[in-house]
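K.L.:
structure for the following, please:
(2 chains)
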Amino acid sequence: MKTTLQIRSIVNVLGKLVVIEAVMMLVPLVICLIYGENDWKSFALASMTALFAGGIAAYATQGQKPLIKTREGFVITALIWIVYGLFGMIPYMLCDRPLSLTDAMFETISGFTTTGVSSIMDVDVYSHGILFWRALTQWIGGLGIILFLLALMPELNKSAGISMYYAESSGITHDKLHPRIRQTVLSLWKIYIVVTAVSIILLWIGPMTLFDSVCQSFAAIATGGFSTHNEGISFWKSNYVYSVLILVMTVGGINFMVIYSAWTMGIKRLISNDVTKIFFMVLITSYFLLVVSILLRGYDFNIDNCLFIPLFHVVSAITSTGFSISEAENWGQFSLFLTIMLMLCGSCAGSTAGGIKIDRLIVMCRNLKNEIKKSVFPKRIYVVNLNGTFLQSSLISRVSAFVSLYIIIVLVSAAIITLYGYSFSDSIFMASSCIGCNGLGYGATGINSSYALLQDSIKWLLTTTMIIGRLELFTFISLLLPSFWKK
Amino acid sequence: MRVIIAGEGDTGTHLAYTLSIENQDIVLIGSDKAHLSELESTYNIITYAGSPVSYTDLSRCGISEADLFVAVTSDENLNLIAAQTAKACGAKKCVARVDNPAFLYSKVTEIFNKNGIDALIYPERLAAKEIHNYIRHNWVREWLDVNDGKLIVAGVKIGRSSTIVGRQLKETASSPRYFHVSAIKRDDETVIPHGDTVILEGDVLYFSVLPNNIDKLYEICGNTQTNISKIMISGGGRVTENLLEKIKSDYDITVIESDTERCNYIAGKFQDITVVNTKANDVTTLKDEGLEHCDLFLALTGSSEKNIVSCMVAREHGIKKTLARIEELQFIPEAESLSIDKIINKKLLNVSKILDSLVETHFDEAQCVLLDRAEIIKLTAKQGSKIVSKPVCELSLPTGITIGGIIRDGEGMLVEGRTCIKPGDNVLVFCNIGSLPKIEKLFR
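P.N.:
Numbering: from 1, shown residues only, chains lettered A, B, ... in the order given. As a prediction, the model looks like this:
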């Protein structure tokens, strides 16, 4: 195939990045050794493979000055999620209870994209090393693989890094905190690490062991949703754990840029932000609706039924964390509807969460309102404001395109899943859960069943939608256009 | 006194003209030679072609002896640099015109003051302030708060229903006096009246009045104050932007603007107002937007002709009050005869503001308002000056000068023949243009 893309440069960068993944795998290896588990071998093997493959790729394409422009940045960003998945699945396939290729890939991508759907039926029997690797993939994927690598590799701190940063970061517009991309990335990581550390300490004080609190914190702040126990968060039966995780997940659903400016310039910034305000409004409204629907179904009026469990579920759904709780299965159709809506909606852009994102929905709603008004007064000018600045119409049409495409992908995936005989609501639920990097399950994927029991082809489909959803559609889908590869 | 004006645009020209009548030595520095020589042959001024930021050109104009340097070219950055250069070259006082509100931020102004710019003039904001005043007091043409409203100068057009039409000024006096007629504008002439002057319909009378007597003045003038709730503004330029910043939430406002980009900008910045993208002469759309229900129509586009016409259209559709921004000075009398209620001219406002600076170079503290061909100057009476020596009636004030009122110890009061002005009083002097030297004698 003839192309003007700098394939050599792309392979070179990818090779170097894979070497970093090899180093990452040493952490679960150490954990295995600490707990005296056999799985250290699988991590050692996986790490060696990655080191080898990455080293060869980087060495073979060495010498040439890497030429990375916007398109190359797109390719690297999209491919890195797949390549990291390929090497990241090796431990799952080689451990004491090996997974199949499909399941291992599904599990790894679900981790990196912070989706949190799992192809493992029985989590409790797995080694600490594997469980930690699951949590670590989510934590790295939370802010984004590229963002993680930008922090580690100073040589990417050039125009190359900027195009990759833009390709990965979520939202309508891409902002920087500092003039240099590396400073921006480091500031974001600083926030991320601090919140994670606080969460670990808070959970450790409670009923959790250190290992559990680290894994749970990683999953919560990254809004991932992998748990270390079969019962999920219900395992601890502790309202304290619920409250801490609600808090951490909520932070994970707020734009990290906003958190950073709130940190440096006062908490007022957080409240004065349009998107954050509406995020909380949506959260609280859905919580009340859910509680009312639960009470209408005849549940007792007590603190568990009215406060912790519904609130936990709503936060878990809107922030795309997807910590499942068994009670949600019995709350009926309205709860199901509300959950799907929250999964589609998602949180603030620039957070670790998935979904369409509140920002886009605000823009869509305001634009809709304006269009309705315009039909009465055609010559009036209405603009869409977001956080006090008005958006160009080109951005609005981009947002509309995004939302349409998002819905189309959900519908098409759901249609394919129904062909396998799953019910309509289950299919829609699966599709919106995976594209939104959410990880909740219902019915066929719910508490009495599992994503693990799905057919392989559905797993591949869902794996793809997870990556598409995590990279916010355009980055990945533009790679499928023939014109992207041509001269 | 030597005044150097940089910029031969309308503001510069009008300023040169006004000041030359005041018997000041005016030097106009500009770039268009043909235009400059034309000005030199018309007005009593001298012109130089050159750059206002060049040391040699400024020295040629005699910058070291200049009492006032005014930079009013069309380029605000040039003005700022020119004013600083002039100060460095020895000009006593420097004024620069800007068209960006960012420069009026107090810290920025401080920096400029340190660098030698004594005053910044931002015409759009002056215009917005004037319009805002008119919206609140729309039965008068001019409204001037002296010392935060302790004394008010109101310019009122006398209508047919007024109780004082056709009477001599001395007949209107009541006891105690609650107003003082300080100036009358009639047929493009502004005169300082005396007791025998007869008030005619269509005169604009400038009253000095204490704030608690405003109601009585309102009664005798026969004008109606319109309660404003819905305003339509034609033109979305910088004047409109400045005005909206003051009044955006107080009224129901519709802005008409033909430029789509500008519409987006205004609609994005001010969310509560209605912005319509159409031309001001698109009457059908204006009607759809509720032209008939508006209380006030503001024509603020850059084109004087369009503004005049759209005001007339608005008047035809029953709008009670209209205001037009007119940049061409020669159109103002015509516009006034076309029953447009209020006219805004940025150049006149500029010149007023610049006169402040000029008068300040004479007297320590002064405030100045230009009324076409007359001026209102607020001065502080000094110990030992002629003005405090005897009662007002014995001062034998020269013709063309009258005292509108004084502010004593923070309270406004009117002046009668027996009143003695004390040192420290703020005196409001009305005078014809060109009386500055006479006033200087009184207050020195």
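K.L.:
mean pLDDT per helix and strand in the chain: which one sits at the bottom?
P.N.:
In the absence of a named chain, chain A is used. Across the helices and strands of chain A, mean pLDDT, DSSP states H and E gives its lowest value to helix A:159-168, namely a mean of 73.
K.L.:
try again with chain B
P.N.:
Using mean pLDDT, DSSP H and E, the weakest-scoring helix or strand in chain B turns out to be strand B:366-371, at a mean of 71.
K.L.:
packing partners of it?
P.N.:
On a contact count with 3 or more Cβ pairs under 8 Å, 6 or more residues apart in numbering or on different chains; DSSP states H and E, strand B:366-371 meets strand B:142-146, helix B:346-362, strand B:374-380. For glycine as for every other residue, the C-beta is placed from the backbone atoms N, C-alpha and C.
K.L.:
residues in contact with that strand?
P.N.:
By Cβ atoms under 8 Å, 6 or more residues apart in numbering or on different chains, the residues outside strand B:366-371 that reach it are B:18, B:142, B:144, B:146, B:153, B:155, B:183, B:185, B:190, B:206, B:348, B:351-352, B:355-356, B:358-360, B:375-379.
K.L.:
what's the answer for stretch A:8-22, then?
P.N.:
By Cβ under 8 Å, 6+ apart, the list of residues contacting stretch A:8-22 from outside reads A:47-51, A:53-62, A:64, A:66-68, A:72, A:75-76, A:79-80, A:83-84, A:87-88, A:149, A:152-153, A:156, A:160.
K.L.:
with just CA atoms, put it into CSV.
P.N.:
Below are the C-alpha coordinates for stretch A:8-22, written out as CSV (Å, rounded to 0.1, in the frame of the first residue of the first chain):
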residue,chain,number,x,y,z
ARG,A,8,9.2,3.9,10.3
SER,A,9,8.7,6.7,12.8
ILE,A,10,5.4,5.2,14.0
VAL,A,11,7.0,1.8,14.6
ASN,A,12,9.9,3.4,16.3
VAL,A,13,7.8,5.3,18.8
LEU,A,14,5.5,2.3,19.4
GLY,A,15,8.5,0.1,20.1
LYS,A,16,9.8,2.5,22.7
LEU,A,17,6.3,2.7,24.3
VAL,A,18,6.1,-1.1,24.5
VAL,A,19,9.4,-1.2,26.4
ILE,A,20,7.7,1.1,28.9
GLU,A,21,4.9,-1.4,29.2
ALA,A,22,7.5,-4.1,29.9
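K.L.:
where does the stretch 201-350 of chain B get nearest to chain A, residue-wise?
P.N.:
B:Gly268 (2.9 Å; Cβ to the nearest Cβ).
K.L.:
which helix or strand contains A:Ile362?
P.N.:
A:Ile362 belongs to helix A:358-376 when elements are defined using DSSP states H and E.
K.L.:
just for the stretch 351-487 of chain A, where's the confidence low?
P.N.:
Low-confidence segments of the stretch 351-487 of chain A (pLDDT under 70): A:487.
K.L.:
quick one: the strands in it?
P.N.:
Ranges of strands in the stretch 351-487 of chain A, per DSSP state E, counting those that start in this stretch, are A:380-381, A:385-386, A:389-390.
K.L.:
what about the second one, near chain B?
P.N.:
Yes. For a cut-off given as Cβ under 8 Å from any Cβ of the partner chain, strand A:385-386 has contacts with chain B, namely A:Asn385.
K.L.:
can you list contacts of that strand?
P.N.:
When contacts are defined by Cβ under 8 Å, 6+ apart, strand A:385-386 is touched by residues A:Ile172, A:Asp274, A:Val275, A:Asp359, A:Ile362, A:Val363, A:Arg366, A:Leu391, B:Gly268, B:Gln271.
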